[in-house]
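Enquirer: Attaching a predicted model along with its sequence, questions to come.
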Amino acid sequence: MNVMANDFNSLIPDTRRFLEQEMKHLIGDNWVKSSKSGSFPVIDPSSGSILTEIPKGTSQDIDEAVQVANATLNDPLWRDMPPASREKLMHRFADLIEGHAEELGQLEALDVGMPSVVGQFVEVGNVIETLRYMAGWPTKLNGKTMDIGEPIPEKRFFAYTKREPVGVVGAIIPWNVPLMIAMWKIAPTLATGCTIVIKPSEVTPLATLRLAELALDAGIPPGVINVVNGLGNEAGQALVEHPLVSKISFTGSVATGKLINKTATDTLKNVTLELGGKSPVIVLDDADLEKASKGISMGIFGNTGQVCVAGSRLYIQRRVFDEAVERISKEARSLKVGPGLHPETKIGPLVSKDHRDKVISYIDAGLKSGAETITGGSVIDGPGYYIEPTVLSNVSQSSKVVQEEIFGPVITAIPFDDLDEAAHLANDTSYGLSSYIWSQNIQRVHQLVPKIRAGQVYVNSTPFPHPAMPMGGYKQSGIGRDLGEEAINHYTEHKSVVIGIN
Ligand code: TXE
């Protein structure tokens, strides 16, 4: 099998214009070069060719951006903007993104490798929904009044709480769905009156830079959203260390999340971490196997498995094990692998050569430990970083391929006999992000749900993030939540005010 590279003739003029310009950092309303020379290439994973160069941000660039973000917090234009005006501004930003959805989808296709229609309708769709959902919050950030009685004899008080922005947010973004995750940090920032400095992934920074341009065009005051490109251990580290940053919102690997958490302790930052998963998919013997196999297939192979909530560990009740494995494998074989810009592509390349090599090394480790390949398992010839959607059976629960996040189109299948065993196997990794149950028996579903230690449980569904639903993990999948009211809580401080009135 051989797969081609992206055809640039299908790019719309807006995408071309963006790619042709010099990439910079956004600090305030200035697009600036780095304080020191140095850049890194952005690679098209369908071919390995260089799309553009990105300036390598330094700790000095981060400092400048944080100083501007901090000053903007106290700029009356932003600080005193009425909540309804903030909402209106957020809707205007969402409208503008909607008008540029195709361009943003193409940028994600070029940069990440995902099918451009997925970028345009699924990812950018979620970006818009998240912004519109969060735009409902500014007018509802209320405190409470409390009757605190007479805590001091004969002295009366009026007591209330108020919600205030947490301050400057440092957002560190991964490469797998960069635009969506950037918006998960930007939207609550705007809703709560915070300001933000974003450090995009050095692997896939393009769409976030375009988003920042659109934010200025929408009228978001300069200095509210700032973007400094760069490497994790340089720009990222400087952002986490900066004393004027009050909160770090990070999505990425467990190892980096732990490091960030340690570093952030020095300045006692509010930290939220979303650190990926190894999410179990439990198929009970009463499941609708046709629907389940389609849903499970999309849940692991969508975005080439580079999804934190990908259902990557399949546990199938023994009576239907062979049939379910065969159906899912058939789905895997039917998926058209190709470059993101090709209209028929369902599965794009992996994001980089290094990442493809890592995914292949996991498959090799699985095979060495006795796994059997039901389908896939090989690199696809071609200029890009393609790999076949892969189903492995005969794997042991303790093997690397079952315990560690592969972040590729690889699913393992293990049989089980009863619900307790299914719950035990599902919980038996260090992760606890998402989980899936396929069953038509509501009683069995309700018996299982409380036993699963994970931040999300989807029943008879593929994963989809909804802006109203908190998103985050148990155990080593992280701390805190993106999205929903929970995110609003993480981006606000509660101030208690007590006024003596006699
Ligand atoms: O992640 P990193 P990588 C998992 C997935 C993947 C693995 C490694 O399994 O294969 O992580 O990916 C920035 N201080 N996930 O190496 O290193 C970095 O620049 C501050 C799951 O890309 O965590 C980038 O912007 N920042 C995941 C971001 O952290 C630092 C999504 C993520 O990079 C830093 C992505 C430092 N010291 C990968 N070091 C998910 N939860 O969805 C790096 N960074």
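Expert: Okay, I see it. Numbering: from 1, shown residues only.

Enquirer: Setting aside sequence neighbours, what's the nearest residue to the residue of the chain most remote from its centre?
Expert: Note on the chain: the largest C-alpha distance from the chain mean falls to Glu154, namely 54.0 Å (C-alpha atoms, centre = their mean). Nearest non-adjacent residue to Glu154, counting by C-beta to C-beta, 6 or more residues apart in numbering: Asn502, 7.8 Å away. For glycine as for every other residue, the C-beta is placed from the backbone atoms N, C-alpha and C.

Enquirer: does that neighbour really touch Pro153, like I thought?
Expert: No - counting by C-beta atoms under 8 Å, Asn502 stays clear of Pro153, with 11.7 Å between them.

Enquirer: where along the stretch 301-450 of the chain do the strands fall?
Expert: Taking DSSP state E, counting those that start in this stretch, the strands of the stretch 301-450 of the chain run over residues 311-317, 372-375, 390-393, 410-416, 436-438.

Enquirer: what about those strands, which gets the closest to the ligand?
Expert: Smallest distance to the ligand across these (C-beta to the nearest ligand atom): 10.4 Å, for strand 311-317.

Enquirer: Quick one: distance of the closest one to the chain centre.
Expert: How far strand 311-317 lies from its chain's middle: 22 Å, per C-alpha atoms, centre = their mean, to the nearest Å.

Enquirer: Over to stretch 339-349?
Expert: On C-alpha atoms, centre = their mean, the centre of stretch 339-349 falls 21 Å from that of its chain.

Enquirer: Quickly list what's touching both of Asn502 and Pro153.
Expert: Here Asn502 and Pro153 have no joint contacts, going by C-beta atoms under 8 Å, 6 or more residues apart in numbering.

Enquirer: Which SSE is immediately downstream of the strand or helix carrying Glu87?
Expert: Assessed by DSSP states H and E, Glu87 sits inside helix 83-99. Using DSSP H and E, the next helix or strand after helix 83-99 towards the C-terminus is helix 101-111.

Enquirer: on contacts alone, who are the packing partners of that next one?
Expert: Contacts defined by 3 or more C-beta pairs under 8 Å, 6 or more residues apart in numbering; DSSP states H and E place helix 101-111 against helix 13-20, strand 39-44, helix 116-117, helix 124-134, helix 178-192, helix 206-218.

Enquirer: of all these, which lies closest to Arg453?
Expert: helix 178-192 (22.9 Å; C-beta to C-beta).

Enquirer: So Lys185 is in contact with Pro178, correct?
Expert: No - using C-beta under 8 Å, Lys185 is not in contact with Pro178; the gap is 11.1 Å.

Enquirer: With adjacent residues omitted, what lies nearest to Thr192?
Expert: Tyr491 (4.3 Å).

Enquirer: dump the residue contacts of that neighbour.
Expert: By C-beta under 8 Å, 6+ apart, the contact list for Tyr491 reads 165-166, 169, 188-189, 191-192, 194, 247.

Enquirer: Which two among those residues are spaced furthest apart?
Expert: Farthest-apart pair in the contacts of Tyr491 is Ala191 and Lys247; separation 13.9 Å (C-beta to C-beta).

Enquirer: ok, the closest residue to Val112 other than its chain neighbours - contacts?
Expert: Leaving aside its chain neighbours, Val112 sits nearest to Thr204 (5.1 Å; criterion: C-beta to C-beta, 6+ apart). With contact set as C-beta under 8 Å, 6+ apart, Thr204 has these partners: 42, 108, 111-112, 175-176, 178, 351.

Enquirer: and those near the ligand, which?
Expert: Restricting the contacts of Thr204 to those within reach of the ligand (C-beta under 6 Å from any ligand atom) leaves 175-176.

Enquirer: before we move on, the earlier item: higher neighbour count, Ala191 and Lys247?
Expert: Each of Ala191 and Lys247 has its neighbours counted (other C-beta atoms under 10 Å); Ala191 has more, 27 against 24.

Enquirer: wait, isn't that one in contact with Lys140?
Expert: No - Ala191 is beyond contact range of Lys140, at 9.4 Å (criterion: C-beta under 8 Å).

Enquirer: Which residue is it, in the stretch 401-502 of the chain, that comes closest to the ligand?
Expert: Phe407 (3.7 Å).

Enquirer: ok, that residue - how many residues close by?
Expert: Using other C-beta under 10 Å, Phe407 has 26 other residues around it.

Enquirer: Now it: closest residue in space, sequence neighbours ignored.
Expert: What sits nearest to Phe407 in space, not counting adjacent residues and going by C-beta to C-beta, 6+ apart, is Gln306, at 5.4 Å.

Enquirer: mind listing what the one you found touches?
Expert: 112, 175-176, 350-351, 355, 407-408.

Enquirer: Leu107 versus Thr204, what's the distance?
Expert: Taking C-beta to C-beta, to the nearest Å as the measure, Thr204 falls 9 Å from Leu107.

Enquirer: What of Arg132?
Expert: Arg132 is 21 Å from Leu107, where distance means C-beta to C-beta.

Enquirer: These two: which is more packed in?
Expert: Leu107 (31 against 18).

Enquirer: tally of neighbours for the nearest residue to the more buried one once chain neighbours are set aside?
Expert: Using C-beta to C-beta, 6+ apart and skipping residues adjacent in sequence, the residue nearest Leu107 is Ala207, 4.3 Å away. Neighbours of Ala207 under the rule other C-beta under 10 Å: 30.

Enquirer: what do you get for Pro221?
Expert: Using other C-beta under 10 Å, Pro221 is surrounded by 17 other residues.

Enquirer: so where's the chain uncertain?
Expert: Along the chain, segments meeting pLDDT under 70 span 1-2.

Enquirer: 80 instead?
Expert: 1-3 (pLDDT under 80).
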